[in-house]
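Asks: Here you go, sequence then predicted model.
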Amino acid sequence: MSEDAIKIEGKKKKSLFIDKVREILPDGGNLNMCITCGACASGCPATGLENMDPRKFLRMAALGLDEEITSTPWVWMCTGCQRCIYVCPMKINIPELVYYARQSWPREERPKGILGSCDMALRNDSCSAMGASPDDFQFVVEDVLEEYREAQPEFKDMEAPIDKAGAEFFLNQNSREPVTEPDEMVPLWKILHTVGVDWTYGSKGWGGENYCMFLADDEAWEHVTRTALNKADELGCKIFLNTE
Amino acid sequence: MTFSVLAGLKKFNIDHKCEVKSIYEYYAKWIREGKLKVNSDWNKDLKLKFTVQDPCQIIRKSYGDPIAEDLRFVVKSIVGEENFIDMTPNRSNNFCCGGGGGFLQSGYVDARRAYGKIKADQILATGADYCIAACHNCHAQIHDLAEVNDHAWQTVHLWTMICLSLGILGPNEREYLGDDLKEVNVFHPETAL
Amino acid sequence: MKTVMNSHNESQSNNKVLVIGGGLGGIRTALDLAEAGRNVVLVEKDFSIGGLMTQLDRTFPTNNCDLCTISPYLSESVRQLPIEFLSMTRVTEVEGEAGDFTVTLNTAPRYIDLDKCTACGDCYNKFPECVRFTPGLDHRAPTCMRYPHATPQAFSVDMAKCNDIQQVVDICPAGAIVPDDKGTTQQISCGAIVLATGAGIFDPSGLDNFGYKNQPDVVTSLEYERILSASGPTHGYLLRPSDNEKPKKIAWIQCIGSRGMQKGASSYCSSACCMFALKEAIVTKERFGEDIETTIFFMDMRTFGKDYECYLERAKNEFGIRLVRCRPHSVIQRPGSNVLSISFAPFDRSELVTEEFDIVVLSTGFKVAEDVKKLAQDMGIELNEHNFAKTSNFQPVSTSRPGIYVCGMFESPKDIPETLIQGSAAACMASSNMPAPEKAPASEEDFPPEKDVTGQPPRIGVFICDCGNNIGGVIDVEELAEYAGNLSDVAVSKSVGQGCTQESMKEIQDLIVSEDLNRVVIGGTSPRTEELKFQDLLRRAGLNPYLLEIANIRDQVAWVHGDNPENALKKAKSLIQMAVCAVKKNRPLIEQTLPMNKDVLVVGGGVSGMSSALALADQGFKVFLVEKEDKLGGFAKNLRKTLEGEDVAGALGEMIEKTQTHENIEVITGANLVDHTGKTGMFRTGIQIGPEKSYRQIDHGATILATGTQPNRPAEYLLDQHEAVMTQADAGIFIEDSPEKVKALENIVMIQCVGSRCPDNPNCSRICCQAAVKNALHILDINPDAQIFVLYRDMRTYGFQEDYYRKAREKGVIFIRYEVDAPPNVEASGDKVNVTFVDPILNRPLMVTADKLLLSTGFKVDQKATERLARIFKLPRTHDGYFLEEHVKLRPIDLPVPGCFVAGTAHSPRLIRESIAQAQAAASRVQTILAKDVIHLSPVVAQVDGDKCAACLVCVRACPFNVPYINADGYSEIDPAKCHGCGICAAECPAKAIQLMKFEDDQIMAKLEGLFERKVA
C-alpha cells in the first residue's frame, strides 16, 4: 500500500478506457461482470510479470486507472492465449481489453520487433513479415523446386504453383522458410505431392504470419487478411488452408 | 495465422467464399484415407519419445478439442502410440508456450522465458526427446526454451516428422532433428550439402 | 402406510392430494397432510423414497449421521397413515382443475411383488447382475446408489440382464419374483398436487480443466459423501479412489456448475454448497484425523442460514479448515503420479502458488433435471428462466396453475431445513381449498389387547443394534449380546443388525410374542429419536409401551469412545446391565385423554403472523392474532419493493385488510403477553391490552410465535450523525419517494455487514446483500450515471438473487471486498462523506467522496423482549437470541415445547418469501396436532403421595410451569394434564412424597444397583 489513495469524487468520468472497449466488443466483452474470483490469474503464465495479472489488469481498468493500464508493458507479455476466458465463470474477454490497451500505445512506441514486422507486411502484397516481395518469393520457390526435382527424381513431377486458378487449396507459408531456410518448405510440398493435392500459393497474401494483429493495428490487420482472402477467392480456391 | 484470419474475417466483416481450415485436419484425413502411408517402424527400436504442443491459436481459440485429437492421431501414427507422451494439461486447456501474441518479437526476453517456464517444465515432465510444434511461433519459442534448458529436447515441425516416417525426408531437410535422427531413414543421402 | 403394486382404481375423493417426489420435501408434505387427516398419494420415480439425503453421510450444522436423522422420517411414514405410496411411478398426464384433477400414473415393472419380498437378498447374492440394488457406490454412477433402510424394503429386478429367468424366479424363497410384470397405468383423481421433484446435480464431466472425467481422485461432493458414508463403498473409511490409500491433503473447489455463464453452468447460486463443503471438511477432520489438511477454494463464503456463520467460524478456528479465496483454474494430475496439483492466485498479490492434493472435491451445484422440466411443462406450470417453478414472493409455494404447489429444490436451490419448511407450507396450501377432513385420523387400531404382566416374573428380551458401522464398527455386538444373555431374568438376547429397519423390528416383535417376553431392553441409539418407534413396537406385540428401556450405546459408547474399543465394550456392558435391572421395575402406564381445543394463538402481526393466521382461518380455525404495536404489518411496513420488483406496500395492505376482516380471525393490537400455561390442545395465555393494560385470557390448542426480530441500528460510520449516512431500509424509502434527489447523486458507497458477523452479533443477517443490490439497481434505474461502490466481505446473493448481483455489475456497480480487521474509514466532508478503503486486488487505498453512504445494518435480536417471551413460553434461545427450534435440521418450525411453533424472523433473519413459507408451514404443523379430537396425556407425570406430603411448598416454588398447588385436603396436588414430566419437583421434594412415573426412585436405584453389581463381580 505504498501509493497514494486513488481519489474518486464528482461526476463519473465519461469515456473511461474500459467503457470505450465495452462499446466495441459484442456484449461488452462481459468486462463489467468480474467477480474477482481469480480463475484467470490462477491459470495465466503471465501472472506475476510486471507485478500484474489478468484479474488485476481488469480491476485497474474497472477503477479507471487508465493511465496505468495503457502504459504497462505487461500488455505485450499477454500472448492473448485465451486460457483465462476458457474458464472464466463470466466469460470475460480480457485479451480484447489487452488488445485495445496495446492499441492505445502510440504506434511508434509499440515494441519495435512487432512494429517492424507489421510494417514489412505492409510494404507489398506478399504480406510477409520479412518484407519478401512476390517476385522474390516466386524466385525462391521455383529455384528450390527445380533443385529438388533434379536431386530427388521420385519428385520430378512435384509442383509448387503460384496463382494457379481453380486449385482446391490456397496455402500460405511462413516467411521464415523462403527467406532464411528454404529447404524447410520442401517437406510440405512433398506431402502435398504424395497425396496428390491440387493446391497453390498466391502471389498476394502468401505470408503465413500476421504481426499486424499482434501490433493491434486494426487497419493493417484487416489489410493483410483481406489481401490473402481476396486472392484465394479470386483464384476460385475452395479451401483457405492454414499451415499453422 | 489461423486465428488472425478467422477473427479478422469476423471483426472486419470480410466477405469471402472460401472456407478457412487447418492443415492438421487434412493430415489426419489423408492418413485415414491411406493417401499418406505413414508408419512408425523407424522408431520401433529407437523408441524416441515425442510430445506435442497444442497451439492456442488453432486448438483453444479456433477449432477446439476435435482438431487436437486429429493432431494426436497424426503424431501417434508417425512416432508410434507407445512413444507419444502427452503434456498435462493439454488440448483446449493447454498452456500457451509464450511465443504468441508477438511476445517473441517484443523484446522482453527475460519475461518471455519466465512465462515459458511453465511450458518448459511441462515438456521436461514428459521426458520427451522431441517436442513437435506445428506452429512457427510455438516452434521458435519452444526451440528457445530448449536452448536455455540445456537442450533437454529437440523441437521439430510436424511436416518434418511426417516426411521422415514416409521415408522421403532428404538430408537437407533435417535442420531441427537431433543427432539421433540425422541419419535415420535418409532419402537421397548423396544430396547432402 | 400401504405400498401398492398392482392397485386398481380405488374410490377417489377430492379430499386427496397427490405428492410427486419421495425425497425429504415430499415426505414432509405427505406426513403433514396425512397427520392432518388428508388422503395422500405419494409417487416416486425411483425404487425407494428418501431422495438425495439418503446418499449423504452427515448433515450440517449438527454433523449427525444422515441415515440416523432421516430414518425417523421414513419410519414415521411407514406407520398407519392414509398415505398410498407408489414407487417407480411417474406422472404422465394431468387433467382437470384445482379441486378436481385427474392424473394418469405410470408404474414401471419392478418384477417383484412388494407384499411378498422380504429383502432377504438371496436373489441379489445369486444374480447380482440382474438385481438392481447397489448398496455401495459406483464411483461414476451416483444414480445407482441405495441405502440400507430403503423404503420399500425390497429389491427390483432388471429382467433384461437375466439369462435364465426361471432360475431367478426359483431362487426366491418368498415367491416374490414376477417375471411377467408389465407395470401399471392408472388414473387417480385428487384435489391438489404438490411437486416435490427435487434437484438434479450438475455433471462436471464437460469441464476438462478440472479433470473429473479422467482423474479418479477428482470427485463430486456427492461422491465424497459416499466415500465418507458408513453405507458407502469404502464402508466409512476415507480412502483415495485411485489406490485406496488414506489421503493427507484434500481440497474442495466451490461453485462448480453454479454462478457461471459458460460450459453448462447455471448463473444462479446453489445456496447449500458452501455449508456442505464446510461440513465435509469438518467431518473429515473429526472422523479421520486432525492431521488431514483440508482446504476450501471459494469465491464468496455463503453461510447465511441460521447460526451458519458461527459454523464457519468453528470450521476455521476450531477445526483449522483452511479457506482460500480463489477459484483455481485447473486441477492437474502430474503424469505418472496420482498427485493433483492446483495453482491459485492469492487475492492480494500477482503471484501463482502451486500446491498438491490427494483428493479434490468438486462442490457441484443443483439444477432442474430434464424429466422434471418436461413434467412441469406438460402440467402447464410456468417456469422461470432456469426451469424452476415460478412462484411469487407472497405465494412462495404456489405455482402458476391453481391447485398445483411446489416445495423444495424445484422451487429454488436450498438446504434441508428450508426444504422441510416448504414441504410443510405446500401441505398447508394444498389443503387450503379442500373440505375439512371428515374424521380425525385413527390413532389406534388393529393392536392386540395389552397383556397383563402384573405379578409375572420378568422375562426380558435384550436386543442389540449395530447401527450400521456406528456401533458395530467400535464394539463387538455379538459379544455384548452374549453377555446380556447371561444376566438374570433375560430370556432372549440377540444382536439384530440395524434395529430400526422394518426387518429387524418385525423380528423383535415376533420374538416378544413367541418367547412370551414381558420386558424389553434395546441396546442401540438415542431414545430421543427412536423411543416412540420401539414403544409402538411393544404395543403391536401386545405389551404396554412403558415396559421398555433403551440403553444408548451409540451416543454414549460408540460415538464418544470410538478410539478405545476395549473399554467401550466394558461400558456398553454396564449400560446394558443397568437397563436390564431398571426394566424389571418398569410398570405399565396408562395414557389419559382430554378434549382438544382447536383455536390457535398467533403472536405477532407482521407478514409471518398474518400469513399463519390467514392460512389457518381459511381452513376454519379460530385464530387470535396478538400484536404488540397498534398496527399490523411489522417490519415489512418499512419496505417498498422486493428485489424482483414486486410491490410490498400493496401486498401488505391487502394482507392487513384480509386479516382484519376475516371472520375467523380476532386481531388484538397493542397487546402484551404476560403469562402462559398448559400444553398442546389446552393452552391458556394471559395478555394485557392497551394503555390501560386490561387483562384477558385466551384458551387455545396451539401457538405460533411470529414475533419477528429487530432492525439493527449500530452507531457506526456516522449513522444518525451525518445526513449523508442512512441504512439500506431507509434508503429503500428514500429512493422510492425522492427520485429527484436520487437523480442528483454522483457517488454512492454501500458498506455491508455493518453490525452483523461481528462479536456483538455474530451471525449473518441474510437479507442485506440482496437489499444492497436491490437499492443499487433501483438507483441506477433512476440515475444511470450514478457511480456506486459496494464494500463487502462476502456477497451472499444466494439462489436466484445472484442474477441481480450480476445485473448490478453489468450496469457498472463496483463491488470491492474489505477485510473484517480493516474496515472502511468514514469522515464527514461538508454534506458528503469521504469513505476510504483498500482495494485488496491492487492493494491500494481508494477514497470516494460520497453523496450518500448506505449501511447494510441487518437484524439484531431485541434481547429483552425475546428473553421475556422465552421465559413465558419456557423456550430455549440460540446464543444470539433467536428462538431455538426442536431440531435445527429436521424440525425447523417446531419449538421444543410441544404445540408451539415458530415462523419468520423470530426463527432467524429471512426474506418475506421465506417468512411466508415458514408461516404457512407453521400453519400446517398446527393442523397436524389439532386434527385429533382428543389430547393424549403422557403418563410420564409427577404423582404426589398425600400421606407423605408436608405441604412445605418446595414443589410449588420449584415447578417452572406453576402446576403444583396445595389442595383443600392440605397437600400438594399436581394436575396430570398440566404436568410436563420434567421431574424437578420429584427431585426437590424433601419428604420424597413425589414420584415421577417411569423414573421412580426404585427404578433409578435398580439401575444403580445394576451398575455396582457389575463392579463387584
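Replies: Perfect, I can see it now. In this text, all values refer to a predicted model and were calculated from it rather than measured experimentally.
Asks: Every contact and neighbour count from this point should use C-alpha atoms.
Replies: OK.
Asks: shaky segments in chain A?
Replies: A:1-3 (pLDDT under 70).
Asks: Apply 90 and report the result again.
Replies: A:1-5, A:11-15, A:208-209, A:243-244 (pLDDT under 90).
Asks: show me where it has helices.
Replies: Assigned by DSSP state H, chain A shows helices spanning A:17-24, A:39-42, A:54-62, A:66-69, A:83-87, A:94-104, A:112-123, A:134-151, A:176-180, A:186-195, A:211-214, A:218-235.
Asks: what about residue 27, neighbour count?
Replies: All of this refers to chain A. Number of residues near residue A:27 (other C-alpha atoms under 10 Å in any protein chain shown) recorded here: 11.
Asks: The chain in question should be chain B.
Replies: 24.
Asks: got it, and the one 10 residues further on?
Replies: Neighbouring residues of residue B:37 were enumerated by other C-alpha under 10 Å; the total is 16.
Asks: Then residue B:45?
Replies: Neighbours of residue B:45 using other C-alpha under 10 Å come to 7.
Asks: so what's the backbone phi/psi at it?
Replies: phi -90, psi -30 (degrees, to the nearest 10).
Asks: next one: residue C:832
Replies: Dihedral angles (degrees, to the nearest 10) for residue C:832: phi -120, psi 180.
Asks: How many neighbouring residues does the spatially closest residue to it that is not a sequence neighbour have?
Replies: Nearest in space to residue C:832, with sequence neighbours left out and distances taken as C-alpha to C-alpha, 6 or more residues apart in numbering or on different chains, is residue C:851 at 4.9 Å. Here the number of neighbours of residue C:851 (other C-alpha under 10 Å) works out to 24.
Asks: ok now do residue C:851, which residues does it touch?
Replies: C:724, C:745-748, C:831-833 (C-alpha atoms under 8 Å, 6 or more residues apart in numbering or on different chains).
Asks: do the same with residue A:49
Replies: Applying C-alpha under 8 Å, 6+ apart, the residues near residue A:49 are A:74, A:77, B:111, B:115.
Asks: and the contacts of residue C:851, which are buried?
Replies: Buried residues within the contacts of residue C:851, counting neighbours by 16 or more other C-alpha atoms under 10 Å in any protein chain shown: C:724, C:745-748, C:832-833.
Asks: Among these, which one sits closest to chain A?
Replies: residue C:746 (5.3 Å; C-alpha to the nearest C-alpha).
Asks: and that closest one, what pLDDT?
Replies: pLDDT, residue C:746: 97.
Asks: How about residue C:1017?
Replies: For residue C:1017, the pLDDT comes out at 39.
Asks: which residue is nearest the middle of chain B?
Replies: Central residue of chain B (C-alpha atoms, centre = their mean): residue B:133, 2.2 Å from the mean position.
Asks: roughly how far apart are it and residue B:3?
Replies: 16 Å (C-alpha to C-alpha, to the nearest Å).
Asks: can you pick the most crowded of the contacts of residue A:49?
Replies: Neighbour max across the contacts of residue A:49 (other C-alpha under 10 Å) = residue A:77, 27 neighbours.
Asks: so that one sits right up against residue B:103, yeah?
Replies: Yes - in this structure, residue A:77 is within contact of residue B:103 by C-alpha atoms under 8 Å, at 5.9 Å.
Asks: Give the intersection of the neighbour lists for the two.
Replies: residue B:112.
Asks: And the chain, split by domain according to the record?
Replies: Just going to use chain A. According to automatic domain parsing, chain A comprises the domains A:17-105, A:112-241.
Asks: nope, chain C please
Replies: C:1-108+C:184-199+C:368-449, C:109-182, C:202-366, C:460-587, C:600-709+C:861-930, C:712-858, C:941-996.
Asks: May I ask which helix or strand encompasses residue C:323?
Replies: Using DSSP states H and E, residue C:323 maps to strand C:322-325.
Asks: what about the nearest residue to residue C:266 once chain neighbours are set aside, neighbour count?
Replies: The shortest distance from residue C:266 to any non-neighbouring residue, by C-alpha to C-alpha, 6+ apart, is to residue C:258 (4.9 Å). When neighbours are counted by other C-alpha under 10 Å, residue C:258 registers 26.
Asks: ditto for residue C:256
Replies: Neighbours of residue C:256 (other C-alpha under 10 Å): 26.
Asks: What are the contacting residues of stretch C:294-306?
Replies: A:35-37, C:249-255, C:271, C:274-275, C:277-278, C:281, C:285, C:309, C:312, C:321-328, C:763-766, C:794-796, C:798, C:907-909.
Asks: now it: how far from the chain's centre is it?
Replies: Stretch C:294-306 sits 20 Å away from the centroid of its parent chain (C-alpha atoms, centre = their mean, to the nearest Å).
Asks: what does stretch C:238-255 give?
Replies: Using C-alpha atoms, centre = their mean, the offset of stretch C:238-255 from its chain centre is 28 Å.
Asks: CA atoms only: put it into CSV for me.
Replies: Below are the C-alpha coordinates for stretch C:238-255, written out as CSV (Å, rounded to 0.1, in the frame of the first residue of the first chain):
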residue,chain,number,x,y,z
LEU,C,238,-11.7,-42.4,4.0
LEU,C,239,-9.7,-43.8,1.1
ARG,C,240,-8.4,-42.3,-2.1
PRO,C,241,-10.3,-43.8,-5.1
SER,C,242,-7.2,-44.4,-7.2
ASP,C,243,-5.2,-46.6,-4.8
ASN,C,244,-7.2,-46.9,-1.6
GLU,C,245,-4.6,-45.0,0.4
LYS,C,246,-5.6,-42.7,3.2
PRO,C,247,-5.4,-39.1,1.8
LYS,C,248,-3.4,-36.4,3.6
LYS,C,249,-4.5,-33.3,1.8
ILE,C,250,-8.0,-32.7,0.5
ALA,C,251,-9.2,-29.7,-1.5
TRP,C,252,-12.7,-28.5,-2.2
ILE,C,253,-13.5,-26.3,-5.2
GLN,C,254,-16.7,-24.3,-4.8
CYS,C,255,-19.3,-23.1,-7.4
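Asks: So for that stretch, what gets flagged as buried?
Replies: Quick answer for stretch C:238-255 (16+ other C-alpha under 10 Å): C:238-241, C:247, C:249-255.
Asks: pLDDT of that stretch, averaged?
Replies: Mean predicted confidence for stretch C:238-255 is 95.
Asks: quick one: average pLDDT of stretch C:87-103?
Replies: Per-residue scores along stretch C:87-103 average to 94.
Asks: Using CSV, list the CA coordinates for that stretch.
Replies: In CSV, the C-alpha atoms belonging to stretch C:87-103 read as follows (Å, rounded to 0.1, in the frame of the first residue of the first chain):
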residue,chain,number,x,y,z
SER,C,87,-42.5,-46.3,-6.2
MET,C,88,-41.1,-46.5,-9.7
THR,C,89,-44.0,-44.3,-10.7
ARG,C,90,-44.2,-41.3,-13.0
VAL,C,91,-47.0,-38.9,-13.7
THR,C,92,-47.8,-38.9,-17.4
GLU,C,93,-50.9,-36.6,-17.6
VAL,C,94,-52.8,-34.1,-15.5
GLU,C,95,-56.3,-33.0,-16.5
GLY,C,96,-58.9,-31.0,-14.8
GLU,C,97,-58.6,-28.1,-12.4
ALA,C,98,-58.0,-27.3,-8.8
GLY,C,99,-60.3,-29.4,-6.6
ASP,C,100,-60.8,-31.9,-9.3
PHE,C,101,-57.7,-33.2,-11.1
THR,C,102,-57.5,-36.4,-13.0
VAL,C,103,-53.9,-37.7,-13.0
